[in-house]
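[1] Structure for this input, please:
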Amino acid sequence: MSAPSHQEPSVLAMLAKRPLFWVAIIGILGASSLLRVLAYKTPEPPPQFGLVPDFALTAESGEPYGSKDLQGRAWVANFIFTRCKTVCPVFSSKMALLQGRTKDMTEHLQLVSFSVDPDYDTPDVLAEYSQQFGADPSFWRFLTGPTDQVRAVVMDGMKMFMGDASQVESPEALMHGSHFVLMDSDMNIRGFYEVDEEETVDKLLRDLQLIIEESN
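    This next block holds a predicted model:
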C-alpha cells in the first residue's frame, strides 16, 4: 500500500511567507508610481505668435471699443458678417458655446467678434445679430468700423484673411478667416483654432486656462 501523496507548496506561496518578499513588492509598486509621475509633464502655456497693435473700433452698442478695453484680460476673437449663411452661423454658435462654458471666467476673459463686412454691419445690425446667439453684451462684443481700420487689426494684427466686401458680386462670395484667435492679457497672440475641428472649444479652453494661470 503506497504512502499518501502530498502537494509541495508553490514557490510563490513560500515567498509570500517571507517579509522581504512583500517589501520588494511594495518597492516595485512605489517605483512604478514614481515613474508615472516623472513621465507626466505639466502642460506649458502656448507660445507667442506676435503682438496685436492698439486699435479703436465701434461696438454693437454704438460705443467706442478697442484694445484699451481689453487690457488686463485674455480674449478670444472670431470673424463674421451678418449676411453670411455658411460658416458664420457655425462660427457664432461655437462662440456662444464658448460663452456658456466660460461664465465663471468673465473677470479674466472677453469674447470679441469682428465684422468683415463693416460697411453693412452697422452697430444696430450687429446688435440684432448678437441677440440671435444669446450674446451677453458685457462679455461678448461685436465690432465694426472703417474698413481700413478693421482690416488693419484683422489682417495685420491677428494674421487672419479678410476679403474686400466692396469687390465681391454677392455676400456669399466674401471670404474670411475661419479660426478663433486667442490673445493673452498683454495682447500677444497665443493660438489659432479652426472652427471646423470637433475639439476646437476644448483646445481653446485648455490653452485659455494655461495663459490665465501664467499671468497670475
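
[2] Relative to V181, how far out is the closest residue to T82 other than its chain neighbours?
    Ranked by Cβ to Cβ, 6 or more residues apart in numbering and with sequence neighbours excluded, the top spatial neighbour of T82 is Y129, at 4.5 Å. No exception for glycine: its C-beta is placed from N, CA and C like everyone else's. Look at Y129 and V181: by Cβ to Cβ, to the nearest Å, they are 20 Å apart.

[3] Which one's more surrounded, these two?
    V181 (25 against 21; other Cβ atoms under 10 Å).

[4] so which strand or helix has the more buried one?
    strand 179-183 (DSSP states H and E).

[5] Dump the C-alpha coordinates for that strand into CSV.
    This file holds the C-alpha atoms of strand 179-183, laid out as CSV (Å, rounded to 0.1, in the frame of the first residue of the first chain):
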residue,chain,number,x,y,z
HIS,A,179,-10.0,80.4,-37.0
PHE,A,180,-10.6,81.5,-33.5
VAL,A,181,-7.7,83.6,-32.3
LEU,A,182,-6.6,83.6,-28.6
MET,A,183,-4.8,86.6,-27.1
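
[6] chain center to it, what's the gap?
    Computed by Cα atoms, centre = their mean, to the nearest Å, the chain-centroid distance of strand 179-183 equals 7 Å.

[7] Return the list of strands paired to it, each annotated with direction.
    strand 74-80 (antiparallel), strand 189-194 (antiparallel) (DSSP bridges).

[8] who touches K159 in this structure?
    49-50, 181, 189, 192 (Cβ atoms under 8 Å, 6 or more residues apart in numbering).

[9] which residues does M162 bridge with?
    H176.

[10] For it, which residues are in contact?
    Per Cβ under 8 Å, 6+ apart, neighbours of M162: 79, 116, 150-151, 154-155, 176-177.

[11] again, but for E60
    123, 126-127, 129-130, 137, 141-144.

[12] go again using 6 Å as the cut-off
    The contact partners of E60, taken as Cβ atoms under 6 Å, 6 or more residues apart in numbering, are 123, 126-127, 130, 142.

[13] do F49 as well
    I189.

[14] What values do phi and psi take at it?
    In terms of degrees, to the nearest 10, the main-chain angles of F49 are phi -120, psi 10.

[15] just A59 next, same as before
    phi -90, psi 170.

[16] Leaving out chain neighbours, which residue sits closest to it?
    Using Cβ to Cβ, 6+ apart, the closest residue to A59 is Y65 (3.9 Å).

[17] Please settle this for me: is that neighbour part of a helix?
    No. Counting by DSSP: H, G, I helix; E, B strand; the rest coil, Y65 is not part of a helix but strand.

[18] which residues does it bridge with?
    Residues in beta-bridge contact with Y65 (DSSP bridges): L57.

[19] Just the pLDDT at it, thanks.
    Y65 is assigned a predicted lDDT (pLDDT) of 98.

[20] gap between it and K203?
    With Cβ to Cβ as the criterion, Y65 and K203 are 27 Å apart.
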